[in-house]
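Novice: here is my input; please provide its structure:
(chains A and B)
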Amino acid sequence: MSIEHVLFGAFALLTVVSALLVIFAKSPISSAMSLVATFFFLAGIYVLLWAHTVAVMQVMVYAGAIMVLFLFVIMLLNLGESTGGAAGPLLTLPRVAGGVSAAGLLVVLVMAIWRLPDVEPLSGQRAVSEGFGTLARVGESIFTQWLLPFEAVSLLLLVGMVGAVVVAKSRI
Amino acid sequence: MANSVDIKYYLILAAVLFCLGMFGVLVRRNALVVFMCVELMLNAANLTFLAFAKQHGNVTGHVSAFFVIAVAAAEASIGLAIVIAVFRSRGTVNIEDIRTMKH
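Specialist: Numbers count the residues shown, from 1 in each chain, chains lettered A, B, ... in the order given. Next up, the predicted model:
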């Protein structure tokens, strides 16, 4: 039982609990705040996976930018607590069907994961010597091997930006 | 490696997150919460990428996660713009009231 096990257990539990809160919260604002918490705890798990760069990007882009966008839109639309909430009977047919299909997918995924072959994972000392997950190592990979997809992503973000302005404009 | 968490537990956590996101997409009726659940599913995919990257010692999984985050940002901006446009014309974000494309 190492410190990594303890941290993983804590972060995994908190992630699942806050993800459940995202789904079952009554108002969209509390859903959004639970989603921020989920992203923070997931960033902790990413650090445990030696992915420091992705953890930092997760906090900056997701917990920072995307969630500010979400909160801004929720407050702009001025939604009350009642919209899309849990009014009416608890067990409706769509809810039961959704729960059954999600549980079925979970069972299939867990069975498939359990039968994966064992591979020796990258461990502490070796990862440090390779600089695994550092900004230098990930950046080197992006700007040598994946340069064209990187530029395509910048184009995608530009198109998304212009498209968002055009779609949300009052008169098209 | 006895003192390191087995990769299977990370993958199972990702599977749980993905199924929670899918459940939310199927069950919730508020379009904004549905978008949030899609973000949960994208994060589950990221977690899987990073877990396999660690197992194989290959940094390509980190690059994939970076691309997923960028695509999620673009998706969120477009999706929220559509939600605003729909709310402006119909006054609701309940996806059961938005049935123009229903045959």
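
Novice: check contacts around residue 25.
Specialist: Since you didn't name a chain, this refers to chain A. A:31, A:34 (CB atoms under 8 Å, 6 or more residues apart in numbering or on different chains). No exception for glycine: its C-beta is placed from N, CA and C like everyone else's.

Novice: try chain B instead
Specialist: Residues in contact with B:Val25, defined by CB under 8 Å, 6+ apart, are B:34, B:37-38, B:41.

Novice: so which residues of chain A form helices?
Specialist: In chain A, the helices defined using DSSP state H lie at A:3-24, A:28-48, A:52-57, A:67-77, A:93-114, A:124-130, A:135-144, A:147-168.

Novice: residues making contact with the fourth one?
Specialist: So that's helix A:67-77. By CB under 8 Å, 6+ apart, the list of residues contacting helix A:67-77 from outside reads A:28-29, A:32, A:35-36, A:39, B:32, B:35-36, B:76-77, B:80, B:83-84, B:87, B:93.

Novice: out of the residues you listed, the closest to A:Leu158 would be?
Specialist: Closest approach between the contacts of helix A:67-77 and A:Leu158, by CB to CB: B:Ser77, at 11.1 Å.

Novice: what helix or strand is the closest one on?
Specialist: Assigned by DSSP states H and E, B:Ser77 belongs to helix B:60-90.

Novice: gap between that helix and the chain center?
Specialist: Distance of helix B:60-90 from its chain centroid, counting by CA atoms, centre = their mean, to the nearest Å, is 10 Å.

Novice: can you name every helix or strand that that helix contacts?
Specialist: Here helix B:60-90 touches helix A:52-57, helix A:67-77, helix A:135-144, helix A:147-168, helix B:31-56, going by 3 or more CB pairs under 8 Å, 6 or more residues apart in numbering or on different chains; DSSP states H and E.

Novice: that helix versus helix B:31-56: what angle between them?
Specialist: Between helix B:60-90 and helix B:31-56, the angle comes out at 180 degrees (axes from the mean of the first three to the mean of the last three CA atoms, to 10 degrees).

Novice: CA atoms of the lowest-mean-pLDDT helix or strand in chain A as PDB?
Specialist: Least confident helix or strand, chain A: helix A:124-130 with a mean of 74, by mean pLDDT, DSSP states H and E. What follows is helix A:124-130, C-alpha atoms only, in PDB (Å, rounded to 0.1, in the frame of the first residue of the first chain):
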ATOM      1  CA  GLY A 124       9.200   6.000 -11.500                       C
ATOM      2  CA  GLN A 125      13.000   6.000 -12.000                       C
ATOM      3  CA  ARG A 126      12.800   5.200 -15.700                       C
ATOM      4  CA  ALA A 127      10.100   7.800 -16.300                       C
ATOM      5  CA  VAL A 128      12.200  10.500 -14.600                       C
ATOM      6  CA  SER A 129      15.300   9.600 -16.700                       C
ATOM      7  CA  GLU A 130      13.300   9.800 -19.900                       C
END
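
Novice: what's next to that helix, contact-wise?
Specialist: Counting by CB under 8 Å, 6+ apart, A:50, A:122, A:132-133, A:137, B:4, B:54, B:57 sit against helix A:124-130.

Novice: same thing but 6 Å
Specialist: A:Trp50 (CB atoms under 6 Å, 6 or more residues apart in numbering or on different chains).

Novice: next: stretch A:16-23.
Specialist: By CB under 6 Å, 6+ apart, stretch A:16-23 touches A:31, A:34-35, A:37-38, B:16-17, B:20, B:24, B:36, B:40.
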